[in-house]
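> Build the 3D model from these lines:
(one chain, ligands or ions: 1)
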Amino acid sequence: MKQHIGIVGGGWAGLAAAVELCKNSHKVTLFESSPQPGGRARGIEWNGMTLDNGQHLMIGAYQQMLQLLADMGADTDKLFKRLPHRMLMCDTQTGATAFDLCLPTFPAPLHLLMGVLNIPQLSIKEKILLLIRFNRLLNTPLTTDLPVSEWLAAAKLPATYTRYLLEPVCLAALTTHPHQASARAFQSVLQQTFNAPAHFTDLLIPTTDLSQVFPALAAKYILQHGGEIYTRSKVQSLQIGDSRLKSITINNEPQVFEQVILATPPTVTATLLQDNRQTKSISEQINQLQYEPVATLYLQFKQAVSLPYPMLGLVNGLAEWVFERAIAGHNNVLAVVMSARGDYLQLPQAELVDRIYRELRNTIANLPDLLDSKLIIEKRATFQCHPNVDQYRPAIDTSLSNLKLCGDYVYIEENNHPGLPSTLEGALRSGVKCAQSLLSS
Ligand SMILES: Cc1cc2nc3c(=O)[nH]c(=O)nc-3n(C[C@H](O)[C@H](O)[C@H](O)COP(=O)(O)OP(=O)(O)OC[C@H]3O[C@@H](n4cnc5c(N)ncnc54)[C@H](O)[C@@H]3O)c2cc1C
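Purely as a prediction, here's the structure:
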């Protein structure tokens, strides 16, 4: 029987759930509090350009994202520039290359083998050690969770590999510093990327702003399939009775649906569920989560600027990564990323810009003069992915028969693996899984 389903929240998770339900001919009505869908991954306007509210990176392992885009008939070869995996890490103090791992386009696991054998910063002995010990690290199940830094220290990998590659990758993937991050979650991310076909390690750099990569396509698909989308429509409260959700109040109007999906950020979900005795425990569970910020500093230069590789790792400085925006059409703009809590949060903006510009000048030859800059700090960009965090992540199903949850923070059971950290892929998988669970019930 086809049902009318209300979805609250038009981030990537809510949109994915809506697309999946529309694909199965259900009627969907989506409410988004902001003027545009996309949530934490959307386009913003600045100096006549459309950039993103935060620089994002996708990889070939984002199979749910690629599948959803294909389902909607999108041309993923046009949406992304697919680059072979290269982690080129530069020292911002000396300008020297700290580490360079470049995976050739060979079938797995030959790409890893050849990539490691070609690392210029390691001796032959270190390369052999790395191959043996990284394989062991990746494939030894972790029965108890521990901080990533302890896990890596016990593995006795070459120190430069740990410091200049794995630790920065952990911070980027989990938005959590290695001494606080979950080894089980990081191991799972590495397994899903490296114990997989070679193209899963590719970097997918969007050729357009994030709104055009998924939210706009999803919105079009939903409308074409008879769904409705209301922006500037904030759900204020839920009316609950007899183990069921009776209605949701939007702009002071109660609205009734057979099923409702809450695809709001965790803090909003917790607030909406806190006042009812049947849902209070979910709210208390979510309130145990902690959050990490991500800052993106856009630097606009007087002339075009290019990097030795479109994404460059930065070590021994304030920032961690710098991206060329030329692939998305802005050849005089760089996006500099700083993840999780750090010294950068204490600095006045002008000083931050000045220090980062100087670090980049040490690293990039012929860096042009700066024209303008824009700093965006998302205070709750992701949840902190610390050891055993999954116990605080709610499931899709709630105690109410017609209310389900989705979002990057929702735990989804996948062959006993730990949940993915806060990522676009995690948000999309949870949205699709939530819709499928609703379809099967
Ligand atoms: C700066 C930054 C950088 C990131 N970098 C990466 C990266 O490189 N790679 C990666 O994979 N992930 C990255 N992430 C994480 C990724 O963006 C998120 O995991 C993902 O966007 C979360 O999607 P979501 O749908 O779960 O939540 P959200 O995007 O938060 O969506 C929730 C939606 O609900 C709406 N809403 C809130 N309250 C209400 C209400 N009362 N009524 C109606 N609507 C409401 C919100 O406006 C929002 O649109 C980054 C995030 C940030 C912020």
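
> Could you break the protein into its assigned domains?
As given by automatic domain parsing, the domain ranges for the chain are 4-42+61-74+209-289+393-440, 103-197, 290-383.

> which ones are touching residue 431?
12, 13, 14, 15, 16, 17, 18, 19, 20, 263, 406 (C-beta atoms under 8 Å, 6 or more residues apart in numbering). Bear in mind the C-beta positions are built from the backbone N, C-alpha and C, glycine included.

> next one: residue 203
57, 58, 59, 60, 82, 83, 84, 85, 86, 310, 311.

> likewise residue 411?
So residue 411 contacts 390, 393, 394, 395, 419 (C-beta under 8 Å, 6+ apart).

> Near the second one, how many other residues are there?
Number of residues near residue 393 (other C-beta atoms under 10 Å) recorded here: 22.

> Low-confidence stretches in this structure?
1 (pLDDT under 70).

> Those residues of it touching the ligand, which are they?
8-14, 31-34, 39-41, 54, 56-57, 234-235, 263-265, 268, 294, 296, 378, 381-382, 407-408, 422-425, 427 (C-beta under 6 Å from any ligand atom).

> Next, find the distance separating residue 150 from the ligand.
The gap separating residue 150 from the ligand is 25 Å, by C-beta to the nearest ligand atom, to the nearest Å.

> Output the longest strand belonging to the chain.
strand 370-383 (DSSP state E).

> which residues are in contact with the following helix or strand past that strand?
Sequence order places strand 403-405 as the next helix or strand after strand 370-383, per DSSP states H and E. Strand 403-405 has contacts (C-beta under 8 Å, 6+ apart) with 238, 245, 259-263, 269, 279, 282, 394-398, 434, 437-438.

> can you rerun that using 6 Å?
Here strand 403-405 makes contact (C-beta atoms under 6 Å, 6 or more residues apart in numbering) with 245, 260, 261, 262, 394, 396, 434, 438.

> With stretch 105-118 instead?
84, 101, 103, 104, 127, 130, 131, 197, 198.

> Give me the subset of these lying in strands.
Counting by DSSP E, those contribute residue 101 to strands.

> so which of the contacts of stretch 105-118 would you say is closest to residue 323?
Ranked by distance to residue 323 (C-beta to C-beta), the contacts of stretch 105-118 are led by residue 84 at 16.3 Å.

> Check the gap between the closest one and residue 203 for me.
8 Å (C-beta to C-beta, to the nearest Å).

> Start from the N-terminal end of the stretch 51-200 of the chain and give the strands.
For the stretch 51-200 of the chain, the strands defined by DSSP state E, counting those that start in this stretch occupy 58-59, 80-83, 86-91, 97-102.

> any chance of those strands in JSON lines, with mean neighbour count too?
Converted to JSON lines, the strands of the stretch 51-200 of the chain look like this (neighbours: other C-beta atoms under 10 Å):
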{"stretch": "strand 58-59", "mean neighbour count": "22"}
{"stretch": "strand 80-83", "mean neighbour count": "17"}
{"stretch": "strand 86-91", "mean neighbour count": "21"}
{"stretch": "strand 97-102", "mean neighbour count": "20"}
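
> Using TSV, lay out these together with distance to residue 73.
Output for the strands of the stretch 51-200 of the chain, formatted as TSV (distance: least, C-beta to C-beta, whole Å):
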stretch	distance to residue 73
strand 58-59	19
strand 80-83	16
strand 86-91	31
strand 97-102	34
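
> Return the distance of stretch 173-190 from the chain's centre.
13 Å (C-alpha atoms, centre = their mean, to the nearest Å).

> how about it as PDB, C-alpha atoms only?
What follows is stretch 173-190 as a C-alpha-only set of coordinates in PDB (Å, rounded to 0.1, in the frame of the first residue of the first chain):
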ATOM      1  CA  ALA A 173      38.100  11.100   7.900                       C
ATOM      2  CA  LEU A 174      36.900  11.100  11.500                       C
ATOM      3  CA  THR A 175      37.200  14.800  12.200                       C
ATOM      4  CA  THR A 176      38.700  13.700  15.500                       C
ATOM      5  CA  HIS A 177      42.300  14.000  16.700                       C
ATOM      6  CA  PRO A 178      44.100  10.600  16.600                       C
ATOM      7  CA  HIS A 179      44.500  10.600  20.400                       C
ATOM      8  CA  GLN A 180      40.700  10.900  20.800                       C
ATOM      9  CA  ALA A 181      39.600   8.900  17.700                       C
ATOM     10  CA  SER A 182      38.100   5.400  17.600                       C
ATOM     11  CA  ALA A 183      40.500   2.800  16.200                       C
ATOM     12  CA  ARG A 184      37.600   0.500  15.300                       C
ATOM     13  CA  ALA A 185      36.000   3.300  13.200                       C
ATOM     14  CA  PHE A 186      39.200   4.200  11.500                       C
ATOM     15  CA  GLN A 187      40.100   0.600  10.800                       C
ATOM     16  CA  SER A 188      36.700   0.100   9.200                       C
ATOM     17  CA  VAL A 189      37.100   3.200   7.000                       C
ATOM     18  CA  LEU A 190      40.600   2.000   5.900                       C
END
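
> For it, which outside residues touch it?
Outside stretch 173-190, the residues touching it (C-beta under 6 Å, 6+ apart) are 138, 142, 145-149, 151, 167, 170, 292, 339-340, 382, 384-387, 389, 417-418, 421.

> Using CSV, write down the CA coordinates of the longest strand of the chain.
Below are the C-alpha coordinates for strand 370-383, written out as CSV (Å, rounded to 0.1, in the frame of the first residue of the first chain):
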residue,chain,number,x,y,z
LEU,A,370,45.8,37.8,-1.8
LEU,A,371,42.7,39.7,-3.0
ASP,A,372,40.1,38.6,-0.4
SER,A,373,39.4,35.8,2.1
LYS,A,374,36.4,34.2,3.7
LEU,A,375,36.4,32.1,6.8
ILE,A,376,33.5,29.6,7.5
ILE,A,377,33.5,27.7,10.8
GLU,A,378,30.9,25.0,11.2
LYS,A,379,30.9,24.6,15.0
ARG,A,380,29.1,21.3,14.9
ALA,A,381,30.4,19.9,11.6
THR,A,382,30.5,16.3,12.8
PHE,A,383,30.0,14.2,15.9
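
> Enumerate every residue touching the residue of the chain most remote from its centre.
Residue farthest from the centre of the chain, counting by C-alpha atoms, centre = their mean, is residue 242 at 36.9 Å. Counting by C-beta under 6 Å, 6+ apart, residue 242 makes contact with nothing.

> And it, how close does it get to residue 169?
49 Å.

> for residue 85, same thing?
11 Å.

> now swap in residue 113 and tell me
19 Å.

> quick one, which of the two is more surrounded?
Set side by side, residue 113 and residue 169 show more neighbours around residue 169, with 20 against 15, by other C-beta under 10 Å.

> So the more buried one versus residue 62, what's the distance?
Relative to residue 62, and taking C-beta to C-beta, residue 169 is found at 16 Å.

> so what's the backbone phi/psi at the closest residue to residue 396 other than its chain neighbours?
Leaving out its chain neighbours, the residue that sits closest to residue 396 by C-beta to C-beta, 6 or more residues apart in numbering is residue 434, at 4.8 Å. When read as degrees, to the nearest 10, the backbone of residue 434 gives phi -60, psi -40.
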